[in-house]
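Q: pasting a predicted model and its sequence here:
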Amino acid sequence: VVVGLFIPLWVDAVETPAKQPSPATAEVWPSTPPAGCPFAKSGTLTGIAFTGRHAEYTGADTWYPSWAADGNLYSPWTDGKVNGFGAFSGGTNATTGHATILGDDPLHLVVTNQGVFASNPRPYEGRYPCGSLVFKGVWYYGTYCLHPAAKLPRDGIPYNWPWLGPFVGFRWSTDFGKNWTQTPCSPAKPLFGEHALNGEPVKIGAPHFVDFGKSLEHSPDGKAYLVAHGASDGPAGRRFAYDSWITGDEIYLTRVKPGIKNMNNASKYEFFAGHDARDRPIWTHDFKKIKPIAAWRDHMGCVTMTYNAPLKKYLMCVTDGGNTVSRFNTYILESGRITGPWKLVTFMENFGEQAYFVNFPSKFVGRNGRTLWLCYAANFSGGWRGVRFKSLPRGSRYGMCLQEVKLLSPNDALAPNSLKGAAN
């Protein structure tokens, strides 16, 4: 039974980017981690260089592409328009979008088959997309709640959704988004039982599926893993917006055998609970025993993870969203194990200058694992308080942005360049 309202916008309109010039040299974004960074520098992946090849699509954000067995990418989106159709995830009539992404060349993709689906966020004010996975013909689409307002003035700062709410659950589709069955969970009775109407800490608010390649090809055990940012204490004694859609303290990990009967059943999930005396990961069905795989107080936020199969490395993208409307910092961590320990590849201060929802789509990881594409949105709050953001690197804007990058090794001779200069 479809409980939520599906608004039929399934049409074959398409959106493609403007052609982009191809520069001759790659430019390294300088890594400038602040004092107190808890992550040692990686000895194998030592930075990121931008090739200058980029493409931008649509006028909406929240793109988390899932690579399905048919070779296509399927992604959520919201708060904007795709091929003229809109979704907005705030208020009683909150909607979230979905679309198909066709093509093998990031510079020449087609975004099509867009649609939107309505889901009431009450008692919260917003209900947004998060983890999305297409596996064995079923599209699982997660949503989470935000509170108390999309724009909340406090101490001279127009905060954007300062409180992270709970992860609600997964709706699903067996025809690639033409029809949906709503999750049996609700914002008042979410999957993992967390609540945050008064700014309480949430640990698994906005989880994202670990990208294991086409149809979970490289999952170590056939299970789907989800990574999420959150906090374990607050709000007393904490800064405002300490645990929001883009800020937090810790990263958590959970896993489940994907299936319609399992995805909305909390008892089917296992949670990472630390390592034993022999450094083996501990998994538990008891949510109360959950422990973070990484922590950095007041310096974490929205997180994604991709398995880079050629390098046999997990790459974790974390965005520290400052006060939710400031310039954002994005950093990339690497590990040979999904539970860590994690080492720093690069800390990109003011990347975007306000990039968020950063991820590496596995479909666009090159054969050697060194060349890949960053997917993100940027600069949503330009003009708030009179602040204007630069497009850094070029092409960064509100929408689905794709930037080709190269992972550097200690032997690469590339030097930091003018990526953050006035010309950009």
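A: Yes, it's here.

Q: OK, contacts around the closest residue to V227 other than its chain neighbours?
A: Leaving aside its chain neighbours, V227 sits nearest to M305 (4.8 Å; criterion: CB to CB, 6 or more residues apart in numbering). Every C-beta, even on glycine, is put in place using the N, C-alpha and C of the backbone. By CB atoms under 8 Å, 6 or more residues apart in numbering, the contact set of M305 is 208, 210-211, 225, 227, 314-317, 338.

Q: across the sheet, point out what pairs with M305.
A: For M305, the beta-bridge partners are M316 (DSSP bridges).

Q: in strands, which of the contacts of M305 appear?
A: Among the contacts of M305, DSSP state E puts 208, 225, 227, 314-317 in strands.

Q: for the closest residue to F192 other than its chain neighbours, which residues are in contact?
A: Distances taken as CB to CB, 6+ apart place I204 nearest to F192, at 5.4 Å, with adjacent residues excluded. Contacts for I204 were tallied using CB under 8 Å, 6+ apart; they are 166-167, 192, 194, 226, 228, 230, 252, 254, 290.

Q: how does it look with 10 Å?
A: When contacts are counted by CB atoms under 10 Å, 6 or more residues apart in numbering, I204 touches 130-131, 144, 164, 166-167, 190-192, 194, 226-230, 252-254, 269, 271, 287, 290.

Q: how about D70?
A: D70 neighbours (CB under 10 Å, 6+ apart): 100, 134, 137, 176, 214-215.

Q: and the closest residue to P258 other than its chain neighbours, what are its bridge partners?
A: Computed as CB to CB, 6+ apart, the closest residue to P258 that is not its neighbour in sequence is A224, at 4.5 Å. Taking DSSP bridges, one obtains V256 as the residues bridged to A224.

Q: gap between the residue nearest the centre of the chain and F117?
A: Closest residue to the average C-alpha location of the chain: F357 at 4.0 Å, with CA atoms, centre = their mean. Note on F357: its distance to F117, by CB to CB, to the nearest Å, is 19 Å.

Q: so the closest residue to N113 other than its chain neighbours is in which element?
A: Nearest-residue entry for N113: T100, 4.2 Å, with adjacent residues in sequence omitted and distances by CB to CB, 6+ apart. Take DSSP states H and E as the rule and T100 turns out to sit in strand 95-102.

Q: run the chain-centre distance for that strand.
A: Relative to the mean C-alpha coordinate of its chain, strand 95-102 is positioned 15 Å out (CA atoms, centre = their mean, to the nearest Å).

Q: repeat that for stretch 367-378.
A: Between the centre of stretch 367-378 and the centre of its chain there are 14 Å (CA atoms, centre = their mean).

Q: list the buried residues in that stretch.
A: 369-378 (16 or more other CB atoms under 10 Å).

Q: could you tell me which of those residues belong to strands?
A: When DSSP E is applied, the buried residues of stretch 367-378 are split such that 371-378 fall in strands.

Q: need the residues you listed in a markdown table with distance to M263 and pLDDT, can you?
A: Output for these, formatted as a markdown table (distance: CB to CB, whole Å; pLDDT from 0 to 100):
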| residue | distance to M263 | pLDDT |
| --- | --- | --- |
| T371 | 34 | 98 |
| L372 | 28 | 98 |
| W373 | 28 | 98 |
| L374 | 28 | 98 |
| C375 | 24 | 99 |
| Y376 | 26 | 98 |
| A377 | 26 | 98 |
| A378 | 31 | 98 |
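
Q: and the strands in the stretch 101-250 of the chain, which stretches?
A: Using DSSP state E, counting those that start in this stretch, the strands of the stretch 101-250 of the chain run over 110-118, 126-135, 138-147, 152-154, 157-159, 163-173, 208-209, 224-230, 248-256.

Q: summarise which helices and strands the third one is packed against.
A: Helices and strands touching strand 138-147, as assessed by 3 or more CB pairs under 10 Å, 6 or more residues apart in numbering; DSSP states H and E, comprise strand 66-67, strand 73-82, strand 95-102, strand 126-135, strand 163-173, strand 208-209, strand 224-230.

Q: same deal with the longest one?
A: In this structure, strand 163-173 packs against strand 95-102, strand 110-118, strand 126-135, strand 138-147, strand 224-230, strand 248-256, with contacts taken as 3+ CB pairs under 10 Å, 6+ apart.

Q: repeat the analysis, applying 7 Å as the threshold.
A: On a contact count with 3 or more CB pairs under 7 Å, 6 or more residues apart in numbering; DSSP states H and E, strand 163-173 meets strand 138-147.

Q: what about the chain, any weak spots by pLDDT?
A: Residue ranges of the chain with pLDDT under 70: 1-24, 413-424.

Q: how close does the residue nearest to F192 get to L146?
A: Distance from I204 to L146, counting by CB to CB: 14 Å.

Q: just R278 next, same as before
A: 40 Å.

Q: could you do G169 as well?
A: Applying CB to CB, the value for G169 to L146 is 16 Å.

Q: quick one: stretch 281-293 to chain centroid distance?
A: Its chain's C-alpha centre and that of stretch 281-293 lie 22 Å apart, by CA atoms, centre = their mean.

Q: who's in contact with it?
A: 192, 203, 250-253, 267, 270-276, 339-340 (CB atoms under 7 Å, 6 or more residues apart in numbering).

Q: same question for stretch 366-386.
A: In this structure, residues lying in contact with stretch 366-386 by CB under 7 Å, 6+ apart are 61, 63, 65, 106, 158, 160, 308, 310-311, 325, 352-361, 364-365, 388-389, 396-407.

Q: return the subset of the residues you listed lying in strands.
A: Using DSSP E, the contacts of stretch 366-386 in strands are 61, 158, 308, 355-359, 400-407.

Q: PyMOL command for the buried members of those residues?
A: Filtering these down to the buried ones (16+ other CB under 10 Å) takes a single PyMOL command:
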select buried, resi 61+158+308+355+356+357+358+359+400+401+402+403+404+405+406+407
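
Q: which of the ones in strands among the contacts of stretch 366-386 sits closest to P258?
A: P258 lies nearest to N359 out of the ones in strands among the contacts of stretch 366-386, by CB to CB, at 19.1 Å.

Q: just confirm that closest one contacts Y64, I think it does.
A: Yes. The pair N359 / Y64 is scored as a contact, 6.1 Å apart, by CB atoms under 7 Å.
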